[in-house]
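K.L.:
Sequence and computational prediction follow.
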Amino acid sequence: MARSITMQVARYRPDREAEPTMQSYDVPLRKDWAILDGLNHIKDELDGTLSYRWSCRMGICGSCGMTVNGEPKLTCATFLTDYAPGPVRVEPLRNFPVVRDLVVDIGDFMAKLSVVQPWIIRKDEETPDGEYLQTPAELEDYKQFSMCINCMLCYSACPIYGLNEHFLGPAAIALAQRYNLDSRDQGSADRMDALSASTGVWDCTYVGECSTACPKNVDPAGAIQRYKLTAATETLKSFLMPRGGR
Ligand code: SF4
Ligand code: FES
């Protein structure tokens, strides 16, 4: 096996440069090195000016998402050897403004998460037994959607979000479903306006790229399709019961 691999890395300072350029670095090709290890080698040994985000190095924090050879990936969970003999191209996540080099602005994503009120909503905060009990089957109903690490790979992969920044997007909708489907939650009506709006689930044309890109098998495309059924049923009910079902 070759002992090094060339990493072509996007460099960009939007306040000083008109467009990104690619810079090449040769890094050791070790079988236990992820793309992130290659970037850390560049930063530590070759060029301390390179900027990128990471934290946990174990696929949990969700901060190391980048575009690797054209695909959105967690760089701590993607190995250099998979791209041998190289070169391997590393660019920022698509569909987000670049702050510098491989760092993107996550402001729009953070705002969208809060729109869906991602917490347990109770009409009555009384807990007679000290906790809200839940069966394993009830847990199973939303567990998959709770595995999201907010890495934004799904937004980077989504062509609809790429065309329309107002689309609520895959992870926010999956997160809404994580709470809507939780037996302890009573807030699905509070989330309905955001989810049923024209920028909510109906913007999705079920391309499915979000679920392909997701490193945690959250299946946001499935969450969106499931909510479309819920929204359609609620609309039908409102026609049949014109006084809001009362
Ligand atoms: S749904 Fe998957 S791809 Fe999207 S933010 Fe969550 S973990 Fe990342
Ligand atoms: S560094 Fe935390 S998920 Fe990659």
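P.N.:
Now that the structure is in, tell me what you want to look at. Residues are numbered from 1 along each chain as shown. Ligands and ions are numbered 1, 2, ... in the order given.
K.L.:
how close does K73 sit to ligand 2?
P.N.:
Taking C-beta to the nearest ligand atom, to the nearest Å as the measure, K73 falls 10 Å from ligand 2. C-beta: built from backbone N, CA, C; applies to glycine.
K.L.:
Can you tell me who that residue pairs with across the strands?
P.N.:
When bridges are assigned using DSSP bridges, the partners listed for K73 are M66.
K.L.:
Quick one: neighbours of it, just the number.
P.N.:
Burial measure for K73: 24 neighbouring residues, criterion other C-beta atoms under 10 Å.
K.L.:
same thing with S24?
P.N.:
In terms of burial, S24 registers 11 neighbours under the definition other C-beta under 10 Å.
K.L.:
which SS state does V99 fall under?
P.N.:
What DSSP: H, G, I helix; E, B strand; the rest coil gives for V99 is strand.
K.L.:
got the contact list for it?
P.N.:
Under the criterion of C-beta atoms under 8 Å, 6 or more residues apart in numbering, the contact partners of V99 comprise P14, S51, D105.
K.L.:
Name the nearest of these relative to Q144.
P.N.:
Ranking the contacts of V99 by separation from Q144, with C-beta to C-beta as the measure, puts D105 on top at 28.6 Å.
K.L.:
Please list only the buried members of the contacts of V99.
P.N.:
Buried members of those, counted by 16 or more other C-beta atoms under 10 Å: S51.
K.L.:
just the contacts of V99 now: which is nearest ligand 2?
P.N.:
S51 (14.8 Å; C-beta to the nearest ligand atom).
K.L.:
and the closest one, how far is that from D108?
P.N.:
According to C-beta to C-beta, to the nearest Å, S51 stands 20 Å off from D108.
K.L.:
again, but for L195
P.N.:
Computed as C-beta to C-beta, the L195 to D108 distance reads 17 Å.
K.L.:
These two: who's more crowded?
P.N.:
Set side by side, L195 and D108 show more neighbours around L195, with 24 against 17, by other C-beta under 10 Å.
K.L.:
what helices or strands is the helix or strand hosting the more buried one leaning on?
P.N.:
Of the helices and strands defined by DSSP states H and E, L195 is found in helix 188-196. In terms of contacts (3 or more C-beta pairs under 8 Å, 6 or more residues apart in numbering; DSSP states H and E), helix 188-196 is packed against helix 170-180, helix 220-240.
K.L.:
quick one: the most centrally placed residue in the chain from A172, how far?
P.N.:
Closest residue to the average C-alpha location of the chain: M152 at 2.6 Å, with C-alpha atoms, centre = their mean. To A172, M152 is 11 Å away according to C-beta to C-beta.
K.L.:
Identify the contacts common to the two.
P.N.:
When contacts are counted by C-beta under 8 Å, 6+ apart, the set common to M152 and A172 consists of F109.
K.L.:
And stretch 185-204, how far out from the chain middle?
P.N.:
Averaged C-alpha coordinates place stretch 185-204 at 18 Å from its chain's average position (C-alpha atoms, centre = their mean, to the nearest Å).
K.L.:
That stretch: end-to-end distance?
P.N.:
Using C-alpha to C-alpha, to the nearest Å, the end-to-end distance of stretch 185-204 comes out at 25 Å.
K.L.:
Helix or strand: which one has the residue nearest to L181 when sequence neighbours are not counted?
P.N.:
Taking C-beta to C-beta, 6 or more residues apart in numbering, and ignoring the residues beside it in sequence, L181 has Y142 as its nearest neighbour in space, at 3.9 Å. Counting by DSSP H and E, the element that carries Y142 is helix 136-143.
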